[in-house]
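>>> predicted structure and sequence below. I'll ask about it afterward.
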Amino acid sequence: MNPLIIRGVRPYGEGDPVDVLVRDGVIAAIGSAEDGEVAGGGADVVEGGGAVLLPGFVDLHTHLREPGREDTETIATGSAAAALGGYTAVFAMANTDPVADNEVVVQHVARRGREVGLVDVHPVGAVTVGLEGVKLAELGTMARAGVRVFSDDGHCVHDPLIMRRALEYSKALDVVIAQHAEEPRLTVGAQAHEGEQASRLGLQGWPAAAEESIVARDCLLALHAGARLHVCHVSTTGTADVLRWAKARGTDVSAEVTPHHLLLTDERLATYDPVNKVNPPLRTAADVERLRAALAEGVIDCVATDHAPHAVQDKDCEWAAARPGMLGLQTALSIVVETMVRTGLLDWRGVARVMSERPAEIAGLPDQGRPIEVGEPANLVLVDPDATWTVRGADFASIAANTPFEGMELPGAVVATVLRGRVTAVGGRIPA
């Protein structure tokens, strides 16, 4: 692999543009060719044009659908979408077919990720067999195969005894349990956030307490087990309050928020367009405001996409029959810029924290989310903060096109993504 020079970039958006020399997958020098600090004969060159340079993004929550639903996404197409979105590592959720509840399936996902080679694909193992919530899956075997995060995402581990045992095992294995917080007895038939909009539209309500009660329960279980808990896709003000309380008590809990829960509200449901159907549902404007503040403060640790591709027939249908979920990998950065940077809640170091550094720390990835310094792995993303672009789902790398942001003009664009010194995306395309 040739050396790489990334020319004219501003690490973390600070200071004058510099050149970055990458050799053997590691940042070898930071300076400028003119003063001799950066020299790379025969090097490949990426022109930054003053772009912001950040550590490559890490997504703790991605649905790549392989094996089983390759008609909606594959590890290859999902990896391409991730690279184009600035990601250098993603965690592939376990709700595949067959379920990733054993060593064979997780090894298949990891192997396919390595073969594609555009991002580091880390399989998430199921907590329970078949995601059924009845019997613990082979956590130890999967952990020995390299799995660092376990989740039944799409289903809540609703039995408190099963969840307690999972947390106790996770402590011994030094892994993380990521919970889809939804008390299923409170969401039977639920179609939308329980509130004014659902009542007006005649949709069965989804109470905020269904999420908040599970988060409170699991924080207590994690505290008593001395285990690490991660809360998936936080969506309510009350959940943010529970997290603040739990962290103050010393609970080892982290949490993520999705881009769509930072921007969209349940007012979008007025058209009954199933592209807006997601789990957990879109909440109120007050919830959105509180989630943004909690992310800026660190009560919510990171942004995760919950990238969920669906076939046309699963979205272009009546609301009740539609599958929940939205694409997210190629729009996440722009939504964070729109909701957090333009509002002054985060600067570019803050973006690095919530999209790269904290998710890498939560998952225990030693070579991701690292500082932009000499000697560090060259997992990087270049961002044009002044660019704007219009979302067109049909143009995405994903097979599916179910984006709620269709037609929106969004700020910020990925100029290039670099994985261990190799350019995996540049100028909106995957290099041949």
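Nice, I can see it. Numbers count the residues shown, from 1 in each chain.
>>> where along the stretch 301-432 of the chain do the helices fall?
With DSSP state H, counting those that start in this stretch as the criterion, the stretch 301-432 of the chain has helices at 312-315, 332-336, 348-352, 358-363.
>>> so which of those helices is the most packed in?
helix 332-336 (a mean of 25; mean count of other C-beta atoms under 10 Å). Where you see a C-beta, it was placed from the backbone N, CA and C, and this is true even at glycine.
>>> give me the residues contacting that one.
57, 59, 85-86, 259-260, 262-263, 303, 305, 346, 351, 354-355, 383, 389, 405, 410-414 (C-beta atoms under 8 Å, 6 or more residues apart in numbering).
>>> can you do 7 Å?
Identification of contacts with helix 332-336 by C-beta atoms under 7 Å, 6 or more residues apart in numbering yields 85-86, 259, 262-263, 303, 305, 351, 355, 383, 410-412, 414.
>>> mind checking how far residue 166 is from residue 294?
26 Å (C-beta to C-beta, to the nearest Å).
>>> neighbour count winner among these two?
Neighbour count, other C-beta atoms under 10 Å: between residue 166 and residue 294, residue 166 has more, with 27 against 21.
>>> which secondary structure state does the more buried one sit in?
helix (DSSP: H, G, I helix; E, B strand; the rest coil).
>>> kindly report the same for residue 203.
Secondary structure, three-state DSSP: residue 203 is coil.
>>> I'd say it and residue 191 touch.
Yes - contact status for residue 203 versus residue 191: in contact at 4.2 Å, counting by C-beta atoms under 7 Å.
>>> so what's the closest residue to residue 251 other than its chain neighbours up against?
Excluding the flanking residues, the one nearest residue 251 by C-beta to C-beta, 6 or more residues apart in numbering is residue 223, at 4.4 Å. Taking C-beta under 7 Å, 6+ apart as the criterion, residue 223 is in contact with 249-251.
>>> now residue 351
54, 336, 341.
>>> what pLDDT does the first one get?
When you say that, I think you mean residue 54. For residue 54, the model assigns a pLDDT of 98.
>>> if we can go back for a sec, distance-wise, check the residue nearest to residue 251 relative to residue 246.
Distance of residue 223 to residue 246, given as C-beta to C-beta: 7 Å.
>>> surely residue 122 forms part of a helix?
No - Residue 122 is assigned strand when assessed by three-state DSSP, not a helix.
>>> wait, isn't it in contact with residue 93?
No - taking contacts as C-beta under 7 Å, residue 122 lies outside contact range of residue 93: 10.6 Å.
>>> isn't there a strand covering residue 262?
No - applying three-state DSSP, one finds residue 262 to be helix, outside a strand.
>>> that one: neighbouring residues, count only.
21.
>>> list the contacts for the nearest residue to it once chain neighbours are set aside?
Excluding its sequence neighbours, the residue lying closest to residue 262 (C-beta to C-beta, 6+ apart) is residue 339, at 4.4 Å. Counting by C-beta under 7 Å, 6+ apart, residue 339 touches 262-263, 292.
>>> any idea how far the most centrally placed residue in the chain is from residue 322?
The residue lying closest to the centre of the chain (C-alpha atoms, centre = their mean) is residue 304, at 2.5 Å. The spacing between residue 304 and residue 322, counted by C-beta to C-beta, is 22 Å.
>>> with residue 166 instead?
Taking C-beta to C-beta, one finds residue 166 at 31 Å from residue 322.
>>> so residue 314 sits right up against residue 323, yeah?
Yes - the pair residue 314 / residue 323 is scored as a contact, 4.2 Å apart, by C-beta under 7 Å.
>>> and stretch 251-271, end to end?
The straight-line separation of the ends of stretch 251-271 (C-alpha to C-alpha, to the nearest Å) is 41 Å.
>>> buried sites along that stretch?
The neighbour-count check on stretch 251-271 (16 or more other C-beta atoms under 10 Å) flags 251-266, 268-269 as buried.
>>> hang on, the earlier thing: got the contact list for the residue nearest to the centre of the chain?
Residues in contact with residue 304 (C-beta under 7 Å, 6+ apart) are 59-61, 256, 258, 359.
>>> phi, psi of it?
Dihedral angles of residue 304 (phi, psi; degrees, to the nearest 10) stand at phi -130, psi 140.
>>> what separation do you get for it and residue 364?
16 Å.
>>> looking at the buried residues of stretch 251-271, which are in helices?
Using DSSP state H, 259-263 are the members of these that sit in helices.
>>> closest to residue 137 among the residues you listed?
Residue 137 has its nearest neighbour among these in residue 261, at 28.1 Å by C-beta to C-beta.
>>> good, wrapping up.
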